[in-house]
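> Coordinates for the following, if possible.
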Amino acid sequence: MNKIYKIIAGLRKKFYEMSFGICKDKNEIDNAVQELMLYFLQMNKQTLKDIYNKDGKKGLIKYGAVVLRRSLTSVRSPFYYKYNKYYTRINSLYSSNSTIDNKSIQKYKLENIPQETVKQNYKKLELIDQQLDKLEYWYDRELFKLYYYEGNTLDSLAEKTGISRNSVFTTIDKVRKELKKILND
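Numbering: from 1, shown residues only. Model prediction:
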């Protein structure tokens, strides 16, 4: 596996260059390529071996290209949820408009976020933690924490715990629905 990971690490520059065909923002490309590297590390080892054994380096490049394209273009990709959706929401909440030469320019300043908002978010997180502690089964709580707090994927959780991916999904979805129901009431 180390051989394959070294090859993937060597392809980082290639993935970076490929991303410029999809996006022109260097920061977004840096983040997408970094997430791709993390994706390769977290994906099923047997699947990664199969890709490499079938097509070698070209197979890894093709697979990485598909993941990058989805990351940078799809609103359903984990990359979008982790980066774009979060920062777009913050920017839309705390932006100001100014006009220069009849052009509207958005000025985004994250340091303008009021401290009350940060405190409210901590209160919500504490409330979620309290509700998690009240769950009937420790199994549900721990899987939820592993998924959301530690950033594991469903596949990596299934591999680590030996529980089927569908069971992991069902459990996490059940806890998420319970928390929404409790917190929205």
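
> Check which helices and strands the longest helix seen in the chain is in contact with.
If you go by DSSP state H, the chain has its longest helix at helix 45-73. With contacts taken as 3 or more C-beta pairs under 8 Å, 6 or more residues apart in numbering; DSSP states H and E, helix 45-73 sits against helix 2-10, helix 12-19, helix 26-42, helix 78-79. The way it works is simple: take the backbone N, C-alpha and C, and place the C-beta from them, glycine included.

> can you list the domains in the protein?
2-76, 114-184 (automatic domain parsing).

> Can you check which of these gets nearest to residue 83?
domain 2-76 (5.4 Å; C-beta to C-beta).

> follow-up on the earlier one: and the domains of the chain, which is most packed in?
domain 2-76 (a mean of 15; mean count of other C-beta atoms under 10 Å).

> end-to-end on that one?
End-to-end span of domain 2-76 (C-alpha to C-alpha, to the nearest Å): 31 Å.

> for this structure, what are the low-confidence residue spans?
81, 84-122, 185 (pLDDT under 70).

> From residue 168, how far off is residue 162?
10 Å (C-beta to C-beta, to the nearest Å).

> so what's in contact with those two at the same time?
Common contacts of residue 162 and residue 168 (C-beta atoms under 8 Å, 6 or more residues apart in numbering): none found.

> Report the distance from stretch 135-146 to the chain centre.
Distance of stretch 135-146 from its chain centroid, counting by C-alpha atoms, centre = their mean, to the nearest Å, is 21 Å.

> Other residues contacting that stretch?
132-133, 152, 157, 160-161, 163, 168, 171-172, 174-176, 178.

> Phi, psi for residue 21 please.
Residue 21 adopts backbone torsions of phi -70, psi -20, taken as degrees, to the nearest 10.

> what does residue 43 give?
phi -70, psi 160.

> residue contacts, it?
Neighbouring residues of residue 43 by C-beta under 8 Å, 6+ apart: residue 155.

> what's the spacing between it and residue 154?
Applying C-beta to C-beta, the value for residue 43 to residue 154 is 11 Å.

> Next: residue 139.
16 Å.

> ditto for residue 45
Here residue 45 is placed at a distance of 16 Å from residue 154 (C-beta to C-beta).

> want to throw the helices and strands packed on helix 45-73 into a markdown table with distance to residue 66?
Supplementary listing: the helices and strands packed on helix 45-73 in a markdown table, determined by distance: least, C-beta to C-beta, whole Å:
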| stretch | distance to residue 66 |
| --- | --- |
| helix 2-10 | 14 |
| helix 12-19 | 11 |
| helix 26-42 | 10 |
| helix 78-79 | 13 |
